[in-house]
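In: sequence and predicted structure are below.
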Amino acid sequence: MVVVMSPDATDEQIAHVVERVESVGGEAFVSKGVVRTIIGLVGDIDSFHHLNLRTLAGVADVHRISDPYKLVSRQHHPDRSTVWVGPAGHQVPIGPDTFTFIAGPCAVESKEQTAEASRMAQSAGATIIRGGAFKPRTSPYAFQGLGLAGLEILAGIREATGLPVVTEVVDPRDVPMVAEHVDMLQVGTRNMANFGLLQAVGEAGKPVLLKRGMTATIEEWLMAAEYIAQRGNLDVVLCERGIRTFEPATRNTLDISAVPVVQAASHLPVIVDPSHASGRKDLVVPLSRAAIAVGADGVIVDVHPDPETALCDGPQALLGAELRELAQAVRRLPEVVGRAPAGVLAQRG
């Protein structure tokens, strides 16, 4: 069951609802969004009905949700959400009205490399910079990232470009440190089911980019988002980045159908990562076009000034002609499907 509070509900009214629910042995999880607060209830449904929660001050509505994911479901939130990334006055929207282009180096290797990759991304029209300071790798001998030094480089990039920055966090203990340096926290495919990490980013007060696990079903993906929402954070963006199948021609198989399927089930924005889906730079542009056509809310891609020397995922990184072709696609194609093109920012209401 979900209680939807009025936009003008006070903290005292929210606390009163929580108190009433706990008085009958239930649990109440408060999640605050941009417009209103939602309270997810866990416990005996019949006991909750006897509380007459709809009559309480500040309560707009009460919904009984059949989906196992309550807070991220469209059953109680029929309109799709927009997540705003960045500091006040410089926020970038990710949602149904605009198409958001996120780009940058897969890994932060040095100050110079990250600055050049970010310049390339911004010139191509990206409005959010990506970069990995922590890199969970299949091999323990592969480059694992610069850690705190990488976060400091990213903070400098944010100051230099004026654009918000997103980076991955892999350890719940690092969440406060990472949140201090960047505007959006990424949970990668290998950590989608790291429930302690999901809860930690849910409490961090920053938007979260949640990538689909490489073997996860859509329901498992949405349940991971529910972990974040249950800890008070509804500012979650879902990222389809390819799933593991029997086909070896690409690094992963981009499940393009997941975009409309998830958008029908959840109000959260959905973007696509064609770089990690394919592992091949020649496929990034066509898969980005497909993502735009199917209704994705954005793409996140890798760029690098010298892919041949990249310490991480060089074969999928764009530069030169490929990046110019992608820039043209994200400027022109979104309008065909009724969206503002990448680089054209909506005003927050």
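Out: Great, that's in hand.

In: confidence score at the closest residue to residue 277 other than its chain neighbours?
Out: Leaving out its chain neighbours, the residue that sits closest to residue 277 by C-beta to C-beta, 6 or more residues apart in numbering is residue 242, at 3.2 Å. All C-beta atoms are positioned from the backbone trio N, CA, C, and that covers glycine. Residue 242 is assigned a predicted lDDT (pLDDT) of 97.

In: next one: residue 345
Out: 57.

In: next secondary structure after the lowest-mean-pLDDT helix or strand in the chain?
Out: One helix or strand of the chain scores below all others by mean pLDDT, DSSP states H and E: helix 45-49, with a mean of 84. Moving toward the C-terminus from helix 45-49, the next helix or strand (DSSP states H and E) is strand 59-63.

In: next one: that next one to chain centre, how far?
Out: Computed by C-alpha atoms, centre = their mean, to the nearest Å, the chain-centroid distance of strand 59-63 equals 27 Å.

In: repeat for stretch 291-298
Out: On C-alpha atoms, centre = their mean, the centre of stretch 291-298 falls 15 Å from the chain's centre.

In: backbone phi and psi for residue 41, please?
Out: Main-chain dihedrals, residue 41, degrees, to the nearest 10: phi -110, psi 140.

In: quick one, what contacts the nearest residue to it once chain neighbours are set aside?
Out: Nearest non-adjacent residue to residue 41, counting by C-beta to C-beta, 6+ apart: residue 1, 4.3 Å away. Counting by C-beta atoms under 8 Å, 6 or more residues apart in numbering, residue 1 makes contact with 40, 41, 45, 48, 62, 63, 64, 65, 70.

In: please repeat the previous calculation with a cut-off of 7 Å.
Out: Residues counted as contacts of residue 1 (C-beta atoms under 7 Å, 6 or more residues apart in numbering) are 41, 45, 48, 62, 63, 64, 65.

In: burial check on the residue nearest to residue 277, number of neighbours?
Out: For residue 242, the count of nearby residues is 26 (other C-beta atoms under 10 Å).

In: and what of residue 63?
Out: 15.

In: name the helices or strands packed onto the host helix or strand of residue 322?
Out: Residue 322 is part of helix 320-336 when elements are defined by DSSP H and E. Using 3 or more C-beta pairs under 7 Å, 6 or more residues apart in numbering; DSSP states H and E, the elements in contact with helix 320-336 are helix 281-294.

In: quick one: buried residues of the helix it packs on?
Out: 281, 283, 284, 285, 287, 288, 289, 290, 291, 292, 294 (16 or more other C-beta atoms under 10 Å).

In: contacting residues for the fourth one?
Out: This points to residue 285. By C-beta under 7 Å, 6+ apart, the neighbours of residue 285 are 322, 325, 326, 329.

In: again, only using 10 Å
Out: By C-beta atoms under 10 Å, 6 or more residues apart in numbering, residue 285 lies in contact with 274, 301, 318, 321-330.

In: quick one: pLDDT of it?
Out: At residue 285, pLDDT is 97.

In: how near is it to residue 4?
Out: 41 Å (C-beta to C-beta, to the nearest Å).

In: what of residue 342?
Out: 32 Å.

In: more neighbours: which of those two?
Out: Neighbours per residue, other C-beta under 10 Å: of residue 342 and residue 4, the larger number sits with residue 342, 27 against 17.

In: which of the contacts of residue 285 count as buried?
Out: 274, 301, 318, 322, 323, 325, 326, 327, 329, 330.

In: distance to residue 91 and pLDDT for the residues you listed - can I get that in a markdown table?
Out: Compiled in a markdown table, the buried ones among the contacts of residue 285 are given as follows (distance: C-beta to C-beta, whole Å; pLDDT from 0 to 100):
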| residue | distance to residue 91 | pLDDT |
| --- | --- | --- |
| 274 | 25 | 98 |
| 301 | 21 | 98 |
| 318 | 26 | 96 |
| 322 | 29 | 94 |
| 323 | 25 | 96 |
| 325 | 29 | 97 |
| 326 | 24 | 97 |
| 327 | 22 | 96 |
| 329 | 24 | 96 |
| 330 | 19 | 95 |
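
In: check the average confidence over stretch 75-92, would you?
Out: The model assigns stretch 75-92 a mean pLDDT of 90.

In: verify the stated contact: residue 176 with residue 200.
Out: Yes - with contacts counted by C-beta atoms under 10 Å, residue 176 reaches residue 200, the gap being 8.7 Å.

In: which residues are common contacts for these two?
Out: In contact with both residue 176 and residue 200: residue 169, using C-beta under 10 Å, 6+ apart.

In: more crowded one of these two?
Out: Taking other C-beta under 10 Å, residue 176 and residue 200 do not tie; residue 200 has more neighbours (22 against 13).
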